[in-house]
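Q: Got a sequence here, can you build the structure:
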Amino acid sequence: MTGFVSATDGSEIFYKDWGPRDAPPIVFHHGWPLSSDEWDTQMMFFLSHGFRTIAHDRRGHGRSSQTERGTDMDTYADDVRVVVEHLGLKGAVHIGHSTGGGEATRYVARAAPGRVSKAVLVGAITPVMVRSDKNPQGLPVEVFDGYRRALSANRAQLYLDVAKGPFYGFNRAGANVMEGTVRNWWRQGMMGAVKPHYDCIKVWSETDFTEDLRRIEVPVLVMHGDDDQVVPIADSALLSAKLLRHGELKVYKGYPHGMLTTHADELNADILDFIRK
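A: Numbers count the residues shown, from 1 in each chain. Next comes the predicted model:
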């Protein structure tokens, strides 16, 4: 089933809801500048293991409203709350990748009791990416300014360059470049709107999730590739795992940012084991 739900400001949020209504729910949070389609492989895998799988398109992305309003992490998390309440989800596992990892973190930290059972952060942007006095090992703001310039100048080319290069590690020597994966990444990116995508760069690079991570009470699995060229592991997963009350860190040697696609079988199995614990 697919549908739309109205956010608090009237924006329309697209969602997919597959599987039996009484099955254990898993909610997926996609990365920038993609859509819920990023999770096709995971949704099919967990459906086959008896779960109900839900994913939405973040506002400004995919099939959701191309609004300028609400391009901030609080609003993103509130949109998730609206979807969760609309579908009546309780005891859900929330799984977020990249920017979606930040969104899942913000939502889970604020969720009403009983709504969330566990969370999984994959290549997540937490706790904060940009360099500052409080975060000296972060990436310099010039990195994100480069994304903004390239997106404004020719986002179609930027999205090809990212997908063909660092996202999946296809720029590494000997990499098995999957042309269909590159085209699908580009397709998803171009479905959304350039202005919300531009504004979202500030959101995923500058939002600080330190207090959110400290606040989460449910078990959280933190998964990260040590060859992640988009969200370097030293400034993300290694710090996030220490901030969580019940965090479990799993590092994948040589894996890229898009490892959910390039190494789906291994990651899906690890996530399933964590959920079933």
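
Q: all strands of the stretch 101-250 of the chain, in order?
A: With DSSP state E, counting those that start in this stretch as the criterion, the stretch 101-250 of the chain has strands at 116-122, 220-225, 247-252.

Q: Mean neighbour count added to those, as TSV?
A: All C-beta spots, glycine's among them, are computed from the backbone N, C-alpha and C. Shown next, in TSV, are the strands of the stretch 101-250 of the chain (neighbours: other CB atoms under 10 Å):
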stretch	mean neighbour count
strand 116-122	26
strand 220-225	26
strand 247-252	16
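
Q: With Asp37 as the reference, name the closest of those strands.
A: strand 116-122 (16.2 Å; CB to CB).

Q: Contacts for that closest one, please.
A: With CB atoms under 8 Å, 6 or more residues apart in numbering as the test, strand 116-122 has contacts from 91-98, 101, 104-105, 108, 216, 218-224, 237, 240, 259-260, 267, 271, 274-275.

Q: Make TSV from the strands of the stretch 101-250 of the chain and add mean pLDDT to it.
A: Below are the strands of the stretch 101-250 of the chain laid out as TSV (pLDDT from 0 to 100):
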stretch	mean pLDDT
strand 116-122	98
strand 220-225	98
strand 247-252	98
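
Q: Let me know which of the ones you listed is the nearest to Val5.
A: Closest approach to Val5 among the strands of the stretch 101-250 of the chain (CB to CB): strand 116-122, 18.7 Å.

Q: tilt between that closest one and strand 220-225?
A: 10 degrees (axes from the mean of the first three to the mean of the last three CA atoms, to 10 degrees).

Q: Check the offset of strand 116-122 from the chain's centre.
A: Its chain's C-alpha centre and that of strand 116-122 lie 11 Å apart, by CA atoms, centre = their mean, to the nearest Å.

Q: Nice, that's everything, thank you.
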